[in-house]
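[1] quick one, structure for this:
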Amino acid sequence: MCGIAGIAHLDGEPVSAVLLKRMADAVAHRGPDGEGVYVDHGLGLAHRRLAIIDLSPAGHQPMATEDGRFVISYNGEVYNFAELRIELEALGQRFRSRTDTELVLKAVAL
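    As a prediction, this is how the structure comes out:
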């Protein structure tokens with residue numbers, strides 16, 4: 001199971017990437033396959049990855065849409081993600097990874 005941490009400053013105060021890294025380190029045992037940090041204004045996400053479906057770096061999280069509008073740090077499983085991926089590809093979505101995380105991100109971005 002992945003480890004996820006985050007900080008949201010509703011007043012827009014900048015989030016410390018150093019603090020997020022420390023938070024990710026505290027849950028390192030939850031995700032030995034990679035780590036990532038995302039910071040944008042008053043929002044920060046930290047992710048420790050346990051790779052299950054796509055073991056490649058393409059599944060790195062937090063993951064953002066190409067335009068940067070949406071960002072996700074996700075731990076879960078979409079059981080019918082193969083079928084949903086086919087539907088999203090038919091709608092014109094193109095994927096960089098084989099992860100269900102990217103599928104959720106693309107579906108939300110539609």
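[2] now the helix or strand containing A46: average pLDDT?
    Element membership of A46, judged by DSSP states H and E, is strand 43-48. In this model, strand 43-48 has a mean pLDDT of 95.
[3] and for stretch 70-81?
    On average, stretch 70-81 scores 91.
[4] list the contacts of it.
    For stretch 70-81, the surrounding residues in contact (CB atoms under 8 Å, 6 or more residues apart in numbering) are 1-2, 4, 6, 38, 40, 45-47, 52-53, 61-65, 84, 100-101, 103-105, 108-109. Placement of C-beta: from N, CA and C, glycine included.
[5] which parts of the chain are strands?
    Per DSSP state E, the chain carries strands over the ranges 3-8, 35-40, 43-48, 63-64, 71-72.
[6] JSON lines for those, including mean neighbour count?
    Below are those laid out as JSON lines (neighbours: other CB atoms under 10 Å):
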{"stretch": "strand 3-8", "mean neighbour count": "17"}
{"stretch": "strand 35-40", "mean neighbour count": "17"}
{"stretch": "strand 43-48", "mean neighbour count": "24"}
{"stretch": "strand 63-64", "mean neighbour count": "19"}
{"stretch": "strand 71-72", "mean neighbour count": "16"}
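[7] backbone dihedrals for the closest residue to V108 other than its chain neighbours, both of them.
    Spatial nearest neighbour of V108, chain neighbours left out: F70 (5.9 Å); criterion: CB to CB, 6 or more residues apart in numbering. Backbone torsions of F70, given as degrees, to the nearest 10, read phi -120, psi 140.
[8] what does H41 give?
    For H41, the backbone dihedrals (degrees, to the nearest 10) come out as phi 50, psi -120.
[9] for it, grab the count of nearby residues.
    Neighbour count for H41, taken as other CB atoms under 10 Å: 10.
[10] with adjacent residues omitted, what lies nearest to it?
    Closest to H41 by CB to CB, 6+ apart is G12, at 5.7 Å.
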